[in-house]
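# here is my input, please return the structure:
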Amino acid sequence: MTGQALILVDIQNDYFEAGLWPVAKMQEVAENAARLLGRARTAGDLVVHIRHEMASDQAPFFRPGSAGADIHPTVAPAEGEAVITKARPNSFLGTDLLERLQAAGIGAVTICGAMSQMCIDATARAAADHGFAVTVVEDACGAKEAAFGGVELSADQVHAAFMAPLAMSYAKVLRTGELLEG
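Numbering: from 1, shown residues only. A predicted model of the protein is given here:
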């Protein structure tokens, strides 16, 4: 399998500044993702949009049927591009993503979107486990600040803490410019 796919994960309205769960630098992330999307479309690569929807309208964000759960206009799907709705961080779990990629003869995936510490990490690791060559475009991925055990981490620290192990064992981790120029 030699085909290429771009997987855009959870670039949804609730992650932007006016949304219910804002992610740091999300507008910049979306703009970089849009550049990747333009390249993929020009190259004729398979494009798959992933959107997360929570199971309850009482969820803190990505509520079913809400505008916040919609894909952001910056990376709006074009006619014929797959849109897969998921309920878990791993974009393969409970979806037909694997079957779609296999049916299209895809051997390599490029992943971008949000959040670095959840759905990007889970999806990249699963893609590698399924045998795909994985590229994660780190400046087209967004992270949210976090705290654990009394330790407060900025979004940049969280992002770096997840990109480093992905780069060690699961994926080639690049910036948008590197991928577009390479």
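
# what is the burial count for Arg125?
The criterion is other C-beta atoms under 10 Å. On that basis, Arg125 has 18 neighbouring residues. To be clear about C-beta, it is placed using only N, CA and C from the backbone, and glycine gets the same treatment.

# now it. Nearest residue, chain neighbours left out?
Using C-beta to C-beta, 6 or more residues apart in numbering and skipping residues adjacent in sequence, the residue nearest Arg125 is Tyr170, 5.4 Å away.

# list the contacts of that neighbour.
Contact analysis of Tyr170 by C-beta atoms under 8 Å, 6 or more residues apart in numbering lists Ala124, Arg125, Ala128, Val134.

# residue furthest from the geometric center of the chain?
The outermost residue of the chain, judged against the average C-alpha position, is Gly150 (28.4 Å), by C-alpha atoms, centre = their mean.

# just checking, what packs against the lengthiest helix in the chain?
Looking across the chain with DSSP state H, the single longest helix is helix 26-43. Judged by 3 or more C-beta pairs under 8 Å, 6 or more residues apart in numbering; DSSP states H and E, the packing partners of helix 26-43 are strand 3-9, strand 46-52, strand 106-114, strand 133-142, helix 176-181.

# could I get the phi/psi values of the residue farthest from the centre of the chain?
phi 80, psi 0 (degrees, to the nearest 10).

# just the pLDDT at it, thanks.
Per-residue pLDDT puts Gly150 at 97.

# ok, Asn90 - how many residues close by?
Look at Asn90: counted by other C-beta under 10 Å, it has 19 neighbours.

# from Glu152, how far off is Phe93?
Just so we're on the same page, residue 93 is Leu rather than Phe. Using C-beta to C-beta, to the nearest Å, Leu93 is found at 30 Å from Glu152.

# more neighbours: which of those two?
Using other C-beta under 10 Å, the more surrounded residue of Leu93 and Glu152 is Leu93, with 14 against 9.

# checking that one next. Helix, strand or coil?
Three-state assignment for Leu93 (DSSP: H, G, I helix; E, B strand; the rest coil): coil.

# next one: Ala147
Assignment for Ala147 (three-state DSSP): strand.

# which residues does it contact?
Neighbour list for Ala147: Leu153 [criterion: C-beta under 8 Å, 6+ apart].

# re the thing from before, quick one: contacts of the longest helix of the chain?
Under the contact criterion C-beta under 8 Å, 6+ apart, helix 26-43 has outside partners 4-6, 8, 11, 15-17, 23, 46-47, 72, 74-75, 78, 110, 112-114, 137, 139-142, 176, 179-180.
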